[in-house]
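In: Below is the sequence, then the predicted model.
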Amino acid sequence: MHHPGALTLPTALVRADDLAAGYGGAPVLSGVSFALLAGQRIGVLGPNGGGKTTLFRVLLGELAPLAGTLRVPERFGVVPQTERSRLDFPVSALDVALMGSISTLPWWRRPGRAERRAAQGALRAVGLGDLTRATFGDLSGGQRQRVLVARALVQDAPVILLDEPFTGLDAPSAERLEALLVELTAQGRGVMIATHDVDQARGWDRVLCLNRRQIAFGSPVEVLDRPVLEATYGGAIVELPGDHVQGVLPPHHH
Amino acid sequence: MLAVLHTLTDPWADPVGRRALLEVVLLGVTGGALSCWIVFYNLSYSAESLAHALLPGLVIAALTGLPLLLGGAAGLLVAALAVAAASQVPSIGRDTSVAVVITTLFGAGVLLALSPSSPPGLQGLLFGDVLGVSDTDLALAGGLAALVVVALAVLHGRLLAVGFDRLSAPSLGVRPLVVDGALLVLLALALLVAVQGLGNLLVVAVLVAPASAARLVARRMAPMMAASAAVAVVAGAGGLYLSYYAGTAAGASIAAILVGAYLVAGIGRGALARS
């Protein structure tokens, strides 16, 4: 029997069903099923080589899934690891934010006044309104990360993927970025964050634990117990003294 | 005062000098602007290889009286096909196959040029003959230069995105391989513009040195390209003055001033950093 109540469920921005992916040989990631709803933050946890990057590449369409079904939005905003970008490259914060407008324009059009205004607005939104002319390589790690978030905002995508965005940030910068993620979801966007920091992910809406296959998906309170963390990080977890479950850390915690 | 003015204008008094000046302006603007991308995309070796590989084409054009530009374009096409074919041979690496093809083509060019039946003029092909450019050469070079400048303007954002972070460029809607290919085509066109003035061996100077100097003074790509083009044009005009008054070879004088500009910018920046 068709249930009319089912129609009022919020639609998923991203939905994966029993997804598998790999690079030609055996799948390096399999059994991935999750849904990202508007306004949600999903922490993607797992060891290096556990499949976080592979999952992002499948979502972006750079890698075709080997099995399963996947529904994705037309565009993703992507915040890559800042150390991948060249610090000696002659670009200002505004230049980098403007790169987000390329996909919104026909190929022969250069960014005009409207695009510049959007880029400046995005930089203001991430708290860098007075540094638009600064050279990207001269900014601090946290500021560079926020410039890349601004670039994703200019892309105006419903879902934003962040790859290890907190790596190397000092505490104030990390708090600033955390607050920014809350703002993004408040605008109805979905956010997926690849991270090593289990404790931080406890504050988010969902966690997706990967170790070459999906270990668990759900709200952090229900999912992040000791067996799941051991399966995710291969049993090599460290327990902090005097603290029972909350203090469980992966061995390569940054 | 009038004597100074005469000193400055004398080299351009006859059409040969004026054509030479126009040629160095064209090669300065294209080579200078493009050199910024060549430096940041690490294409200096490719630029040098392509320049050497088009020698047979230039020699054949010189022998048959065709415009040098056409010969150079044919030479580049042959070189590109030969490199593509050689890199299909599984047992040799890409660097090696490029080196083998380039050396073969360069050698073939020299052989052709030194054969008894060829007219004297190998020197002009190797080191440039900026005082010998014809109106046809100039018109072709002008068209190509305009094409390069327009393409650089249209591609600017994409070149920035790929150079900045190649791996995340696809998520911005930019295909790195297409951008790389377009840049190589522009490099080939700029070589054709500049090779008449600077010759097969010295042309690399204008495709590398201006950006090396400009990146020491500019912080963003567009101003850097403008500074680089200005350095190249000034060095070109300076080289023509030097050649006119000191009797030195024009192409070599331009190349020397280009390298000198880099040294001056480097020393100036070093002095600024210390103070």
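Out: Sure thing, it's come through. Numbering: from 1, shown residues only, chains lettered A, B, ... in the order given.

In: helix/strand/coil for the one residue in the stretch 51-200 of chain A that gets nearest to chain B?
Out: Here the stretch 51-200 of chain A gets closest to chain B at one residue, residue A:103, 3.1 Å apart by CB to the nearest CB. (C-beta placed from N, C-alpha, C; glycine too.) Secondary structure, DSSP: H, G, I helix; E, B strand; the rest coil: residue A:103 is helix.

In: thinking it is in contact with residue A:75, fair?
Out: Yes - the pair residue A:103 / residue A:75 is scored as a contact, 6.7 Å apart, by CB atoms under 8 Å.

In: Show me the common contact partners of those two, please.
Out: Here residue A:103 and residue A:75 have residue A:155 as joint contacts, going by CB atoms under 8 Å, 6 or more residues apart in numbering or on different chains.

In: which bits of the stretch 151-275 of chain B sit near chain A?
Out: Applying CB under 8 Å from any CB of the partner chain, we find that the stretch 151-275 of chain B lies next to chain A at B:153-154, B:156-158, B:160-161, B:163-165, B:167-168, B:170-174, B:215, B:218-221, B:224.

In: Narrow those residues to those that are buried.
Out: B:156-158, B:160-161, B:163-165, B:168, B:170-174, B:215, B:218, B:220-221, B:224 (16 or more other CB atoms under 10 Å in any protein chain shown).

In: how many neighbours does residue B:206 have?
Out: Neighbours of residue B:206 under the rule other CB atoms under 10 Å in any protein chain shown: 33.

In: That one in helix, strand or coil?
Out: helix.

In: Excluding covalently adjacent residues, which one is nearest to the residue in the stretch 1-150 of chain B positioned nearest to chain A?
Out: Closest approach between the stretch 1-150 of chain B and chain A, counting by CB to the nearest CB: residue B:40, at 6.8 Å. Once flanking residues are discounted, residue B:40 sits nearest to residue B:163: 5.1 Å by CB to CB, 6 or more residues apart in numbering or on different chains.

In: Point out the residues in the stretch 1-150 of chain A that sit beside chain B.
Out: For the stretch 1-150 of chain A, the contact set with chain B under CB under 8 Å from any CB comprises A:60, A:62, A:76-78, A:80, A:84-86, A:89-92, A:95-96, A:98-103, A:107-108, A:110-111, A:135-136.

In: Could you list which of those residues belong to helices?
Out: The members of the residues of the stretch 1-150 of chain A next to chain B that map onto helices under DSSP state H are A:95-96, A:98.

In: Among the residues you listed, the buried ones, what's the PyMOL command?
Out: In PyMOL syntax, the buried subset of those is picked out as below (16+ other CB under 10 Å):
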select buried, chain A and resi 95+96+98
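
In: now the ones in helices among the residues of the stretch 1-150 of chain A next to chain B in JSON lines, with pLDDT?
Out: Output for these, formatted as JSON lines (pLDDT from 0 to 100):
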{"residue": "A:95", "pLDDT": "97"}
{"residue": "A:96", "pLDDT": "96"}
{"residue": "A:98", "pLDDT": "97"}
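
In: Then residue A:43 would be within a helix, right?
Out: No - using three-state DSSP, the assignment for residue A:43 is strand, not a helix.

In: Let's test this: mean pLDDT of the helix or strand hosting residue B:210, rounded?
Out: Counting by DSSP states H and E, the element that carries residue B:210 is helix B:176-214. For helix B:176-214, mean pLDDT is 90.

In: now the helices for the stretch 101-250 of chain A?
Out: Remark: helices assigned in the stretch 101-250 of chain A by DSSP state H, counting those that start in this stretch are A:113-125, A:141-155, A:171-186, A:198-201, A:220-223, A:226-233.

In: show me what contacts the residue nearest to residue B:104 when sequence neighbours are not counted?
Out: Nearest residue to residue B:104, sequence neighbours excluded (CB to CB, 6+ apart): residue B:82, at 7.8 Å. Going by CB under 8 Å, 6+ apart, residue B:82 touches B:53, B:101, B:104-105.

In: how much space is there between the closest residue to residue A:97 other than its chain neighbours and residue B:207?
Out: In space, residue A:97 comes closest to residue A:119 once its chain neighbours are excluded; the distance is 3.9 Å by CB to CB, 6+ apart. As judged by CB to CB, to the nearest Å, residue A:119 and residue B:207 stand 32 Å apart.

In: What of residue A:100?
Out: 31 Å.

In: How about residue A:97?
Out: Taking CB to CB, one finds residue A:97 at 31 Å from residue B:207.

In: residue contacts, the closest residue to residue A:67 other than its chain neighbours?
Out: Using CB to CB, 6+ apart and skipping the chain neighbours, the partner closest in space to residue A:67 is residue A:20 (4.1 Å). When contacts are counted by CB under 8 Å, 6+ apart, residue A:20 is found next to A:27, A:29-32, A:65-68.

In: Counting neighbours, which of those comes out on top?
Out: The most crowded member of these, judged by other CB under 10 Å, is residue A:29 (26 neighbours).

In: Which of the helices and strands in the chain ranks last by mean pLDDT?
Out: All of this is about chain A. Ranking every helix and strand in chain A by mean pLDDT, DSSP states H and E puts strand A:248-249 at the bottom, with a mean of 52.

In: Correction: the question concerned chain B.
Out: Among the helical and strand segments of chain B, the one scoring lowest on mean pLDDT, DSSP H and E is helix B:122-127, with a mean of 79.

In: gap between it and the chain center?
Out: In terms of CA atoms, centre = their mean, to the nearest Å, the centre of helix B:122-127 is found 15 Å from the chain centre.

In: what residues does the stretch 151-254 of chain A put near chain B?
Out: Within reach of chain B by CB under 8 Å from any CB, the stretch 151-254 of chain A has these residues: A:151, A:155.

In: Tell me where the model's unsure across the stretch 151-254 of chain A.
Out: Counting by pLDDT under 70, the low-confidence segments of the stretch 151-254 of chain A come to A:235-254.

In: what do you get for chain B?
Out: B:117-121.

In: Could you list which residues are in contact with residue B:86?
Out: Applying CB under 8 Å, 6+ apart, the residues near residue B:86 are B:92, B:97-98, B:100-101.

In: picking that back up, dump the helix or strand where the residue nearest to residue B:104 lies to CSV, keeping only the CA atoms.
Out: Taking DSSP H and E as the criterion, the element that holds residue B:82 is helix B:68-86. C-alpha atoms of helix B:68-86 as CSV (Å, rounded to 0.1, in the frame of the first residue of the first chain):
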residue,chain,number,x,y,z
LEU,B,68,59.7,30.9,-42.7
LEU,B,69,56.5,30.7,-40.6
LEU,B,70,55.0,28.1,-42.8
GLY,B,71,58.2,26.0,-42.8
GLY,B,72,58.3,26.3,-39.0
ALA,B,73,54.7,25.3,-38.6
ALA,B,74,55.3,22.2,-40.8
GLY,B,75,58.4,21.4,-38.8
LEU,B,76,56.5,21.6,-35.5
LEU,B,77,53.7,19.3,-36.9
VAL,B,78,56.3,16.7,-38.0
ALA,B,79,58.1,16.9,-34.6
ALA,B,80,54.8,16.5,-32.7
LEU,B,81,53.9,13.4,-34.8
ALA,B,82,57.4,12.0,-34.4
VAL,B,83,57.3,12.4,-30.6
ALA,B,84,53.9,10.9,-30.4
ALA,B,85,55.1,7.9,-32.5
ALA,B,86,58.4,7.5,-30.6
